[in-house]
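Asks: let's see this in three dimensions:
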Amino acid sequence: MLKDNLFKKSCGCGGTMTIHMHTLVYSAKTKITHVPVYTCGVCSRYEPLPSIKKELGKLIGELEPTISRRRLSFAERNEWASVLKEVFSAGVFPGGFTELEENMGKAVQARIDVLLDVYRLAVELADLQWMEETGSRLSQLAIQSAENAK
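Replies: Numbers count the residues shown, from 1 in each chain. Just a heads-up that it's a prediction; the model follows:
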C-alpha cells in the first residue's frame, strides 16, 4: 500500500530526511501548523511533501496580507496532513518506520472508508455541495496514495 520511503528520503547533503509535522511562518504574521515536511538531521534543510505542495501554495495564495497575526492548521484543510497528525499524536512507534507506515496505512484506509460513507449519504440527500467537498477530501488521500505507489 505505502512505499517504504514515504517517511524518509535522501537529502542532497547525503543525510537522511525524515517526515514530521512542521510549523511554517508566512510573512512573519501567519503560522501554519501541522504541515508535513521532510527534514534533514544533518543540514536542517526541510521541504514539504510533494503531494501537499499544491494545496499549501493555494492556502498561502488565499491569505490576506492586511490581516495581523494569525494561526492556521494545515491539517484542518488537507486530509493527508490530518491523518498524519492523528497517527503521530498516537505516540511512539517502537517498530520504527515500518510500524509507523503500517499505522498510517490503516489510518488512511479508515479515513477513506468514513469519507465514502459520508459521500454516500450526500448522494442520498442529493447535496451537491457536500458531494463536491467530500470528493475533494477523498482526492487528497488518493493523490498521496498514488504518489506512494510510484
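Asks: for burial, what's the neighbour tally of the closest residue in space to Arg77 that isn't next to it in sequence?
Replies: On the basis of Cβ to Cβ, 6 or more residues apart in numbering, the spatially nearest residue to Arg77 that is not a chain neighbour turns out to be Leu59, at 6.1 Å. Every residue, glycine included, has its C-beta placed from N, CA and C. As a burial measure, Leu59 scores 19 neighbours (other Cβ atoms under 10 Å).
Asks: and what of Ala81?
Replies: 25.
Asks: so how far is Val37 from Glu47?
Replies: Shown here: Glu47 relative to Val37, a distance of 6 Å by Cβ to Cβ, to the nearest Å.
Asks: which one's more surrounded, these two?
Replies: Val37 (19 against 14).
Asks: so that one bridges to which residues?
Replies: Beta-bridge pairing of Val37 under DSSP bridges involves His20, Pro48.
Asks: residues in contact with it?
Replies: Taking Cβ atoms under 8 Å, 6 or more residues apart in numbering, we find Val37 in contact with Ile19, His20, Met21, His22, Tyr46, Glu47, Pro48, Leu49.
Asks: closest to Gln140 among these?
Replies: Using Cβ to Cβ, the shortest approach to Gln140 within the contacts of Val37 belongs to Leu49, at 11.6 Å.
Asks: packing partners of the one helix or strand the residue nearest to Arg77 maps to?
Replies: When elements are defined using DSSP states H and E, Leu59 is found to belong to helix 53-62. When contacts are defined as 3 or more Cβ pairs under 8 Å, 6 or more residues apart in numbering; DSSP states H and E, helix 53-62 packs onto strand 30-40.
Asks: name the residues of the strand it packs on that come out as buried.
Replies: Thr30, Ile32, Thr33, His34, Val35, Pro36, Val37, Tyr38, Thr39, Cys40 (16 or more other Cβ atoms under 10 Å).
Asks: gap between Glu102 and Gly135?
Replies: Noted for Glu102: a distance of 27 Å to Gly135, by Cβ to Cβ.
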